[in-house]
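1. could you look at this predicted model? Sequence included:
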Amino acid sequence: MSQKKKTDNSFERLTASIKSGQIGGFYIFHGDERYLLEHSLSEIRQCICPDGLNGFNYKRFEGKDIQADELDDAINTLPFFAERTLIEIHDFDIFKGRKASEAQTDSYETPTQARSTEGDGNKEKTRLAEIFSDLPDYASIIFIYNTLQFKPDGRLKLDKEILKYAQVVEFTIQDQAKLTKWINRHFDALGKRISKSDSEYLAHITDGYMTALAGEIGKISAYSSGETITREDIDAVVTPVLNAFAYKLTDALIMRKYDTAMSILDELFQMREPPHKIMYSISLKMRQFLAARVCLENNLGKDTLIDMCGIRYGFQAAALMDTARKSTLRRCRDAVILCAEAAYDLNSAPEHEERLVELITRLAYV
């Protein structure tokens, strides 16, 4: 059974701060859900700089161009006919420093030069820690990780020192309940309705990213002739992400729809989806299929399956349980074994596509 991740309430705390107007002094923004990140930035900009971003009280820097002393000057510049200033720094890795980050691109650096450059990076981190420890009340500074990974080293004293002053906000894909409510609100704003199961389905085939969903909701609403969005409306205009294609493939296999499975596999080949990624998706779904059958054998419900397999959407777990009722524990085990054998073969066999076709054929008759 998978371990539950520690709940991260950083986004909820940020939202509450924005609503109350009590925006903090030092933030680090990172995460995959860019829609929420950009939306939060927009609200903070509006709160601190209601007259726009062209004045003296808003400054934006790109990481490759900013130095610690320049940042310090920006922070300590008093606001002009306003209560606060807002400073954004995009793609600067605080935990490496400008010098250390640049050093990674130099493949010809000698060990002595590398140690010297690393020392420069530590000096810059020390300077940054000093700046963050004494921020003026009128300044709000936000570091935004757009393309860089947020990877502080909790073992290093300077990294811990910087994190002590920062409010780190991770923008992640929203959970099922929040996402479906968000989808419903956006359809409602366009005069449309959508069922809970179809909201979940739409989130699933777009990978649950709000940026993609916002565009697809507009397309679906324009296409649909009725007030209620149907599954057919969604399938007519939304191109599923590659993971959703692979999920449909395994659905067909579990339901013994061999022709459908082969058709989807051919589509994946035409889309140049890597065979190893297809193999991973099939193996994962078959393991979930086995887990569903084990839950049924032990009189355990859908919630147990969701927790056991880390399944994001309830309709996926419900579909697995329904299909597993029509199968046997032995068939589920045999399917997992066949997938393991095929995965092993893919690591050494050059005929990847042929091996996947063989696997689909064998799974259809397990």
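-> It's in. Numbers count the residues shown, from 1 in each chain.
2. in the stretch 251-366 of the chain, what residue spans correspond to helices?
-> In the stretch 251-366 of the chain, the helices defined using DSSP state H, counting those that start in this stretch lie at 258-270, 275-297, 302-309, 314-324, 329-346, 352-364.
3. make TSV from those and add mean pLDDT to it.
-> TSV is the format used below for these (pLDDT from 0 to 100):
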stretch	mean pLDDT
helix 258-270	88
helix 275-297	92
helix 302-309	91
helix 314-324	82
helix 329-346	93
helix 352-364	88
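4. out of these, flag the one nearest residue 176.
-> Among the helices of the stretch 251-366 of the chain, the nearest to residue 176 by CB to CB is helix 314-324 (6.2 Å). Backbone N, C-alpha and C define where each C-beta goes, glycine included.
5. what's in contact with that closest one?
-> Applying CB atoms under 8 Å, 6 or more residues apart in numbering, the contact partners of helix 314-324 are 176, 197, 200-201, 204, 247, 251, 254-255, 288-289, 291-293, 295-296, 301-302, 305-306, 309, 311, 332.
6. relative to helix 302-309, how tilted is that helix?
-> Here the directions of helix 314-324 and helix 302-309 differ by 100 degrees (axes from the mean of the first three to the mean of the last three CA atoms, to 10 degrees).
7. CA atoms of helix 314-324 as CSV?
-> What follows is helix 314-324 as a C-alpha-only set of coordinates in CSV (Å, rounded to 0.1, in the frame of the first residue of the first chain):
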residue,chain,number,x,y,z
GLY,A,314,-13.0,8.0,-8.5
PHE,A,315,-14.6,7.0,-11.8
GLN,A,316,-11.3,5.2,-12.7
ALA,A,317,-11.4,3.1,-9.5
ALA,A,318,-15.1,2.4,-9.9
ALA,A,319,-14.5,1.2,-13.5
LEU,A,320,-11.7,-1.1,-12.4
MET,A,321,-13.8,-2.6,-9.7
ASP,A,322,-16.7,-3.2,-12.1
THR,A,323,-14.5,-4.9,-14.6
ALA,A,324,-12.6,-6.9,-12.0
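8. buried residues in it?
-> Going by neighbour count (16 or more other CB atoms under 10 Å), the buried part of helix 314-324 is 314-318, 320-321, 323-324.
9. please convert the helices of the stretch 251-366 of the chain to a markdown table, extending it with distance to residue 38.
-> Formatted as a markdown table, these follow (distance: least, CB to CB, whole Å):
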| stretch | distance to residue 38 |
| --- | --- |
| helix 258-270 | 32 |
| helix 275-297 | 29 |
| helix 302-309 | 30 |
| helix 314-324 | 28 |
| helix 329-346 | 38 |
| helix 352-364 | 39 |
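10. re the thing from before, out of the buried residues of helix 314-324, which is nearest to residue 216?
-> Proximity of those to residue 216 (CB to CB) peaks at residue 315, which lies at 17.7 Å.
11. packing partners for the helix or strand containing residue 41?
-> Element membership of residue 41 [criterion: DSSP states H and E] is helix 34-48. With contacts taken as 3 or more CB pairs under 8 Å, 6 or more residues apart in numbering; DSSP states H and E, helix 34-48 sits against helix 10-20, strand 26-30, strand 85-90, strand 139-144, helix 210-223.
12. tell me which helix or strand comes right after that helix.
-> Downstream of helix 34-48, the first helix or strand assigned by DSSP H and E is strand 58-62.
13. so how far is that following strand from its chain's centroid?
-> In terms of CA atoms, centre = their mean, to the nearest Å, the centre of strand 58-62 is found 26 Å from the chain centre.
14. tilt between the next helix or strand after it and strand 26-30?
-> As assigned by DSSP H and E, the chain's next helix or strand after strand 58-62 is helix 68-75. With the same axes, to 10 degrees applied, the angle from helix 68-75 to strand 26-30 works out at 110 degrees.
15. quick one: list the elements packing against helix 68-75.
-> Checking 3+ CB pairs under 8 Å, 6+ apart, helix 68-75 ends up next to strand 58-62, strand 85-90, helix 111-132, strand 139-144.
16. over the third one, what's the mean pLDDT, rounded is fine.
-> Spelled out, that is helix 111-132. Averaged over helix 111-132, pLDDT sits at 66.
17. again, but for the first one
-> Confidence for strand 58-62, expressed as mean pLDDT, is 91.
18. what angle separates that strand from helix 68-75?
-> Using the same axes, to 10 degrees: strand 58-62 against helix 68-75 is 160 degrees.
19. same question for the last one.
-> Relative orientation of strand 139-144 and helix 68-75, computed by the same axes, to 10 degrees: 130 degrees.
20. so what touches strand 139-144?
-> 23-30, 37, 41, 44, 48, 71, 75-76, 84-92, 94, 135, 166.
21. and that strand, how far out from the chain middle?
-> Put simply, strand 139-144 sits 22 Å off its chain's centre (CA atoms, centre = their mean).
22. following element in sequence after it, please.
-> Using DSSP H and E, the helix or strand that follows strand 139-144 towards the C-terminus is helix 157-165.
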